[in-house]
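Trainee: Predicted structure and sequence below. I'll ask about it afterward.
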Amino acid sequence: MKKKVLTTIMAAVIAATALAGCGSGAQTGGGDDGAASANVPTEPFGDTVKYDPSVAINDGKDITVELWEWGSDELFQQVIDGYQAIHPNVTIKLVNNPWEDYWTKLPLALDGENGPAIFNVHNSYHENLINYLAPLDIPLEDLEADFTGVEAHVIDGKVYYIDYGMMTGSVYYNKDMWEAAGLTENDIPKTWDEMREVAKKLTIKDGDRLVQAGLNFNDDFHQNYLLGLNYQLGDNLFQEDGRTPNVNTDNMKKIMQMLVDMYEVDGVGSKDFGEKGADSFGQGQSAMVIQWGHYYNTLNTTWTDINFGVFEIPTFDGEPYAYNRYNGESTFGINKNAPAEQQAVAQDFVKYFLANDEAQIAFNMAMSTFPAKKSLADNEQVMQNPSLSILADHIDHYIWPGPMPSTMETSLKKAGQDVFFNGVDIDTALNEAQESIIRDMKSSTFESVESLYKYAK
């Protein structure tokens, strides 16, 4: 999911949390504004990556920097307020740009002398940003000690940003439909064969007309199935060279055939039953969908009438090579072309963010991402979010392939559309997708990091 817009409701909830830090010996400042009244830490805090609030920034002289972001002013401002409460000589101006404009304006600004010192990063735009990024001034071994997946971000021994959270897909199911079908929690499917049987029980038809889909994957088959279930069957998305796509494989064909059979043989859904499975579930027309973590917030803010539960994606049989892929939500980038004193502030701000557990939890809760910070894996707030708690036991069995070029998604989406709507056979559709991806990636510098997976073969 490339467009990451944090919801206003979630931001308002976490705004009540003090993000100034969690160090011992905190004191309360005076005044009426949020920054002044926050608990201001006086002792170092953090795990291996520690932040010392007693260290003066810019020799105590006034300095102003900009932080560019998209999505949620409230969330970012809370972190800024906490930092400025420690360092009142620093002013961080928050600049919000709509997602659609951000990726045009930001590279242009970074290419000049007046670009922001700090900016929000999304790994799908890695190639557009990497030449403007300064490496983090934090020892690599410290980052690896505190955060999962750091090694996948190492470039020539340096790290320019890491993940603060990991997002992946889960099954969302309508509890009312589940109960009406006579199902209980004991019926939560563990395998795809069980999933198909449960989906049949959740399907309602009026003659030949589908009234309620047991499982709806319309508009999602590429994102949540073709680009993830391959790992369960032991296939990476890229071959050993890290660049050649692994799309026209027997296992990918098996997955595509299963999708076709669920609609055309099992009858649990239909390509014509709503354009998007996510919307159909929210409108109370489909009983199950697979969606990424952000959908948890969507249901809680947009479709509040849906009584839903969440369970982990089923597997084909037994312990899989990996359950699925994940994508990381990235930490801030630092502009290497910014003046040295501004870069120093940016480096300090990133360290503050990484060491600050309250900030880490707030960002992960707002995005429904599983914390990359290892010490927060069993955090109480994390465990209260069902879209995260169901991942806890197997989070190390999810793979990040790296910042994949968009052609991986668009080409496989077209393959699925050709199969379902245009009568193209599966072999032809996947072969065409393979050729399209190879052609589109000729000028890309992308190289898969699947080999860095903990359980890589």
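Mentor: Great, that's in hand. Nothing here was measured: the structure is a model prediction, and the numbers come from that model.

Trainee: Residue 188 - how many residues pack around it?
Mentor: Here the number of neighbours of residue 188 (other Cβ atoms under 10 Å) works out to 18. For glycine as for every other residue, the C-beta is placed from the backbone atoms N, C-alpha and C.

Trainee: Look up which residues are beta-bridged to the closest residue to it other than its chain neighbours.
Mentor: Counting by Cβ to Cβ, 6 or more residues apart in numbering, residue 311 is the residue found nearest to residue 188 once chain neighbours are left out, at 4.9 Å. Residue 311 has these beta-bridge partners by DSSP bridges: residue 171.

Trainee: so how far is residue 172 from residue 311?
Mentor: Note on residue 311: its distance to residue 172, by Cβ to Cβ, to the nearest Å, is 9 Å.

Trainee: which one of these two has more residues nearby?
Mentor: residue 172 (26 against 18).

Trainee: Please determine how far that one is located from residue 281.
Mentor: In this view, residue 172 and residue 281 are 6 Å apart by Cβ to Cβ.

Trainee: Could you tell me which residues touch both of the two?
Mentor: With contacts taken as Cβ atoms under 8 Å, 6 or more residues apart in numbering, residue 172 and residue 281 have 288, 289, 291, 308 as neighbours in common.

Trainee: Neighbour-wise, give me the winner out of these.
Mentor: By neighbour count, taken as other Cβ under 10 Å, the most surrounded of these turns out to be residue 289 (28 neighbours).

Trainee: elements contacting the helix or strand where that one lies?
Mentor: Assigned by DSSP states H and E, residue 289 belongs to strand 288-292. Identification of packing neighbours for strand 288-292 by 3 or more Cβ pairs under 8 Å, 6 or more residues apart in numbering; DSSP states H and E yields strand 169-174, helix 277-282.

Trainee: Flag every buried residue along the next helix or strand after it.
Mentor: Once the chain leaves strand 288-292, the next helix or strand it forms, by DSSP H and E, is helix 294-301. In terms of neighbour count (16 or more other Cβ atoms under 10 Å), helix 294-301 has its buried residues at 294, 295, 296, 297, 298, 299, 300.

Trainee: cool, and stretch 165-182?
Mentor: Residues of stretch 165-182 classed as buried: 165-174, 177-178, 181 (neighbour count, 16+ other Cβ under 10 Å).

Trainee: could those residues be laid out in CSV, adding pLDDT and distance to residue 114?
Mentor: Shown next, in CSV, are those (pLDDT from 0 to 100; distance: Cβ to Cβ, whole Å):
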residue, pLDDT, distance to residue 114
165, 97, 31
166, 97, 34
167, 96, 33
168, 96, 38
169, 95, 40
170, 97, 43
171, 98, 47
172, 98, 45
173, 98, 50
174, 98, 51
177, 98, 55
178, 98, 56
181, 98, 60
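
Trainee: residue ranges for the strands of the stretch 201-350 of the chain, please.
Mentor: For the stretch 201-350 of the chain, the strands defined by DSSP state E, counting those that start in this stretch occupy 204-206, 209-212, 288-292, 308-311, 324-325, 327-330, 332-334.

Trainee: Tell me which strands the shortest one pairs with, and in which orientation.
Mentor: In the sheet containing strand 324-325, its partner strands are strand 398-399 (parallel), by DSSP bridges.

Trainee: Quick check: mean pLDDT of the helix or strand following the partner strand?
Mentor: Next in sequence after strand 398-399, counting helices and strands by DSSP H and E, comes helix 407-421. Average pLDDT, helix 407-421: 96.

Trainee: tell me which residues in helix 407-421 are buried?
Mentor: Applying 16+ other Cβ under 10 Å to helix 407-421 flags 407-409, 411-420 as buried.

Trainee: Of these, which is the nearest to residue 322?
Mentor: residue 408 (16.8 Å; Cβ to Cβ).

Trainee: follow-up on the earlier one: closest to residue 401 among the buried residues of helix 294-301?
Mentor: So of the buried residues of helix 294-301, ranked by how close each gets to residue 401 (Cβ to Cβ), first place is residue 294, at 19.1 Å.

Trainee: quick one: the closest residue in space to residue 456 that isn't next to it in sequence and residue 408, what's the gap?
Mentor: Spatial nearest neighbour of residue 456, chain neighbours left out: residue 450 (6.6 Å); criterion: Cβ to Cβ, 6+ apart. In this view, residue 450 and residue 408 are 13 Å apart by Cβ to Cβ.

Trainee: Ok, residue 271 next?
Mentor: Shown here: residue 271 relative to residue 408, a distance of 22 Å by Cβ to Cβ.

Trainee: Ramachandran angles for the closest residue to residue 258 other than its chain neighbours?
Mentor: Leaving aside its chain neighbours, residue 258 sits nearest to residue 192 (6.7 Å; criterion: Cβ to Cβ, 6+ apart). Main-chain torsions, residue 192, degrees, to the nearest 10: phi -70, psi -30.

Trainee: and residue 192, how many residues sit next to it?
Mentor: Residues near residue 192, counting by other Cβ under 10 Å: 18.

Trainee: residues contacting it?
Mentor: 258, 314, 315, 316 are the contacts of residue 192 under Cβ under 8 Å, 6+ apart.

Trainee: let's go with 10 Å and repeat that
Mentor: Contact analysis of residue 192 by Cβ atoms under 10 Å, 6 or more residues apart in numbering lists 229, 232, 255, 258, 262, 313, 314, 315, 316, 317.

Trainee: Walk me through the domains of this protein.
Mentor: Domains of the chain are assigned by automatic domain parsing as 8-166+330-375, 169-325+399-452.

Trainee: Save the ones you listed as CSV, and put in distance to residue 382 too.
Mentor: As requested, the domains of the chain are exported to CSV (distance: least, Cβ to Cβ, whole Å):
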stretch, distance to residue 382
domain 8-166+330-375, 6
domain 169-325+399-452, 11
